[in-house]
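> what's the 3D shape of this:
(one chain, ligands or ions: 2)
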Amino acid sequence: KTADKNVGGHYTSKDKVTGHAHKKERPCDICPRQGKCVPKVQCPAHVRPHSYNPECHLETVGLLGVCCFTGSGHAAESELKFRAAASVTADDVKSAHHQSRQKFEQWMSRADKLLQHKDVVINETAPSFAHHLSVMTLDKRADTLGRGGLLNLFAAQELKSRQAISDDQLSLGLTEHTDGPFCPPPIPCSTPASRYRSIGGECNNPVHPSWGAIHTGYERLLPPDYSDGTWAMRASTIGLPLPSARTVSERLILDGSHQSPTLNLMFMQFGQFIAHDTTAGVMFTIGNGSAISCCSGDGQAFLPIELQHWACAPITADPNDDFYGQFHHQCLNFLRTQLAPASDCSVGYAKQMNGATHFPDLSHLYGNSEEKVSQLRAPGGVLNTFNDFGRELPPLTDRKECLASKDGAACFESGDSHGNQIISLTVLHTIWTREHNRVARALARLNPGWGEDTIFMETRRILQAEYQHIIYNEFLPLLIGRKLIQAFNLSPSPVYSQLGSYDPNVNPSLTAEFATAAMRFGHSVVDSNIEIPDAKTGGVYETISIPEVMFQPSRLRLKQFLDRLLTGLAYQSMQTVDPFVTEGLTRYLFHGGNPFGLDLASINIQRGRDYGVRSYNEYRRLIGLEPYVDFKQFPPSAAQRLSSVYTSPEDIDLWVGGLLEEEVEGGVVGPTFASILADQFLRIKRGDRYFYEHGPEVNPGAFTPSQLAEIKKVTMSRIICDNRDGIELFAQPPNAFLRGNLPGNEAVPCESLLIPSMDLSRFKEI
Ligand code: HEM
Ligand SMILES: [Ca+2]
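Ligands and ions are numbered 1, 2, ... in the order given. Here you go, the predicted model:
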C-alpha cells in the first residue's frame, strides 16, 4: 500500500483503540441456577435490558465470562420463547398471506418492466459486472427460495403493521408459530446417516436438517438493526440516514503500507479461501440472472427512482470525492442480498441467504450441488483437470468469468463462481484439486476393490479433514491468539475431540457479523502488489499490481508461475489489520479496462447496513468492553476523522470500528473481531456432526484413531510441497503462514521430516 497524499494526514500507531473491561461486582466462582460460565460473546442475553448474567471466571485462562442461562442458541433465540406470537389470529395470518402475495406480484412485475430499459442491466465491461460475478450464483434453487424469503418477509411486515406481532417478538425471533405463505420443501435425511457429508450440507443435524445447509439464512449474534424492524437498512441512532458508506470509506479507510512483522501473504490467501468456502451472500439479479444497475452512465448519477430496481441501494459519492470526483461519479452501484425463508416456514425479520454451505467442507472446491459435483468429477474418483503440457490445472472454463479478452486468456473452473477472483486464490484451488487427485490415486492403489464413487467420497472426506485441521491447528491461533483459542476450547485434541464437543443444540450457521465484518478483516491485509520471485537471481522477477490479476489468471499457464507464486506468498509479508486498505481494493477493484474500479471498503460498510448489523458500540458491549460515548475517547486523528462523518459514536459501522482496534495478544485482529471469529469457529466445530475430530459416538464419518493421527500430521506446507510443480520450488518454510525468513521458520527441503506427511496406508480397508 502506498501513502496517499490526497487524504491529508495519517493514522499514527497511537490511533489504535484499546478496550476497558466492564466494572461490575465481584465475579462468581460458581454460577448460580446451574448457569454456565461462557465467554461474553456467547451469551448475548447479557446485554438485553433487565437481564441477570453475573460475571464469572472462565476456567484456566484468567478471562471474565458471564453466567449464561440461555443455552447455546444464537442471539435471536431467547429464553422467552413461550411468548411466541400468541396474539396472532387466523384472520391476521390470512390477511398477511394475501397482502404478501399481492405485494410480491407488484414487485415482480415492476422488475420485469424494468428489463425494457437498457440502462438497468450492467454492461459487461463495467467494474460492477465483475462484482456481480463475485456474488451471483448459477444455482437455480436459489431463485425459488429467494422468492419465498421475500414472500415471508412481506407477511411479517403485514403482521407488524396490523400490530399482530410486536417489535420485540420480531427482533428476538419469537414468531415461529406464525407460518408464512412460503414453506421450503422438507429435507429428507437417510437413516442410518450417511458416512459422508451431503454435498449441500443438509442433514448434518438430523433434528434440524437445514442447519448449515446451502441457501439458508445467516444467523445473528445480536438482533438486527433494521430501521423499520424488518428489512430497511440501518439508520442513525436518531433515525436519520447514516453517512454515505463512500464518505466513511474515503475519510476513514486510507491507503498506506504497514507490513505484518510475522505473517505472510499465504495467511491472507488462505483466509479468503476459508471465506469463500463458508460464506457467499447471494445478490438479487434481474431477468435471467443479469446484473442490475442502479446508476446511469458509468456512475454519473442515480437512475431515476422509477427505473431503480427495488433491490438497489446505491452509494452516494460526493462531487468532491478524492477519487470518484475526477470521473464525475456520484453513484456507486450496490445491490441488496437475497433473503432466505426460515426452514420452519415462520415469518420474521429478513435473514440474508448464504450461497455456500456454512461448514468449512471445501464446498467451493467440490461444488454445492450434485449437478455441479458431477460436472467437476472425472472417471476413477478424481477431479477433472486440464493437462497443460504435463501440469495439472483446474479445467478451463468458457464462462464469462474472466475479464481478459486477449487470445489465449485462461479462466478456470471451480466449485463456486469466483475461483478466479485473484490469481493467488486460483493457485489454492489448483493445489487442493491436485491434492484430491493425489489422494484419490493412492486410495485406488491401496483399495483395488473400491468403485469410483467410494474413491471420490473417501478422498473428499480425507481432504475436508486435512483442511479443517489446518484451519484449527495452524490458521486460527495466528488469527485470534492462543488465549482466545484456550478460552473457546478451539485447539485440536490429542485424538478425538472431548466428549460433549459436539452439541446438537448448536446451530453452526454463520453469523451476519462474521460474514459482513469480522471475516472481512482480510481486506485490510491484502498487499497492493504480489511479488513473484526469481529463483535464479534471488531477486524479484515480476511485481504484479493486484487489480491486474483479478479474474485474469492466465499467468497460471506459464510453466514456472505456480511454484514462483507459492514461494512469493511464503516470503512476502501480509499487511496488518488496520484502517489502511490498498487502493487496489478501494479504487481499482475489478477496473478491467477502465481508469476507475470499485471501492470494496464502501461495499463492506453498505453490506453491513444491508444485513442490519448493529453498530460497533453494541458489539463492544456484547464482548464486555466499554462503549465509546465521545469521539474524543479515540486517539486524536481517528477521533477527528470519525467525528467528521458520524454524528454519534453509537453510529460507527462494525467493520470500521473493528479495524481501528489494537490487535489481541498473539493475534492479528482486535478483541471485537477476535470474539466474533472465535464464536463462529466454535459454532462450526460444536455444531458440525462431521467435524473431523468428532469420534464415532456422534460422527457417522469418524476416522479411526490411527487415521486421525495421520490427518493431524498434515500442515499447509505439506499440501504445498505435495502439490507444487517442483520446477522451482524445492524447499518450503515449515509453517506456511509465517514468513519464510523468520528465525526458526527457514525453508527446509520438501522431503524434510519438519514437514511431516500422512501415511495413507492407514486408509487401506481391512
Ligand atoms: C485478494 C483480494 C480480495 C478481493 C478482490 C476480494 C473481493 C471481495 C468482494 C468483491 C466481495 C463481495 C463484497 C460484497 O458485495 O459484499 C468480498 C466479500 C468477502 N471477502 Fe473478500 N476479497 C479479497 C480478499 C479477501 C480476504 C483475504 C478475506 C479474508 C481473509 C476476504 C473475506 C471476505 C468475506 C468474508 C466476504 C463476504 C463474503 C460473503 O458473505 O458474501 N476477502 N470480497
Ligand atoms: Ca462450505
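> Closest approach to ligand 1 from the stretch 501-650 of the chain, which residue is it?
With CB to the nearest ligand atom as the measure, Gly522 is the residue of the stretch 501-650 of the chain nearest to ligand 1, at 2.1 Å. (C-beta placed from N, C-alpha, C; glycine too.)
> hang on, that residue packs against Gln272?
Yes: between Gly522 and Gln272 there is a contact under CB atoms under 8 Å: 5.8 Å.
> Spatially nearest residue to Leu393, not counting backbone neighbours?
Leaving aside its sequence neighbours, Leu393 sits nearest to Phe386 (CB to CB, 6 or more residues apart in numbering; 4.8 Å).
> what bridges to Gly281?
Beta-bridge partners of Gly281, counted by DSSP bridges, are Asn354.
> Retrieve the pLDDT associated with the closest residue to Ser293 other than its chain neighbours.
Distance criterion CB to CB, 6+ apart; nearest residue to Ser293, sequence neighbours excluded, is Ile122 at 4.6 Å. If you check Ile122, the pLDDT there is 94.
> Ile122: what's it in contact with?
Taking CB atoms under 8 Å, 6 or more residues apart in numbering, we find Ile122 in contact with Ser128, Phe129, His132, Ser290, Ala291, Ile292, Ser293, Asn333.
> Among those, name the buried ones.
Burial by neighbour count, 16 or more other CB atoms under 10 Å: within the contacts of Ile122 this picks out Ser128, Phe129, His132, Ala291, Ile292, Ser293, Asn333.
> Now do the contacts for the fourth one.
Residues in contact with Ala291 (CB under 8 Å, 6+ apart) are Val121, Ile122, Ser128, Phe129, His132, Met136, Thr285.
> How many residues are close by the nearest residue to Asp167 once chain neighbours are set aside?
Excluding its sequence neighbours, the residue lying closest to Asp167 (CB to CB, 6+ apart) is Gly229, at 5.1 Å. Residues near Gly229, counting by other CB atoms under 10 Å, number 20.
> Model confidence for Gly229, exactly?
Note on Gly229: pLDDT of 93.
> Now it: which helix or strand?
Using DSSP states H and E, Gly229 sits within no helix or strand.
> I figured it was touching Ser161, is that so?
No: judged on CB under 8 Å, Gly229 makes no contact with Ser161 at a distance of 10.5 Å.
> which residues does the most far-flung residue of the chain relative to its centre contact?
Distance from the centre of the chain peaks at Asp91, with 40.8 Å (CA atoms, centre = their mean). Asp91 makes no contacts at all, as judged by CB under 8 Å, 6+ apart.
> repeat for Gly200
Taking CB under 8 Å, 6+ apart as the criterion, Gly200 is in contact with Ala213, Ile214, His215, Thr357, Asn368, Ser369.
> Can you flag the buried ones in the residues you listed?
By 16+ other CB under 10 Å, the contacts of Gly200 give Ala213, Ile214, His215, Thr357, Asn368, Ser369 as buried.
> The fourth one: which element?
Translated: Thr357. Counting by DSSP H and E, Thr357 is found in no helix or strand.
> hang on, isn't it packed against Ala213?
Yes: with contact defined as CB under 8 Å, Thr357 reaches Ala213; the gap is 6.4 Å.
> In this structure, what helix or strand scores lowest on average pLDDT?
One helix or strand of the chain scores below all others by mean pLDDT, DSSP states H and E: helix 167-171, with a mean of 81.
> C-terminal to that one, what's the next element?
Sequence-wise, the next helix or strand downstream of helix 167-171 (DSSP H and E) is helix 245-252.
> So that next one, near ligand 1 or not?
No: Helix 245-252 is not in contact with ligand 1 by CB under 6 Å from any ligand atom; minimum separation 11.0 Å.
> And the next helix or strand past that helix?
Next along from helix 245-252, by DSSP H and E: strand 259-264.
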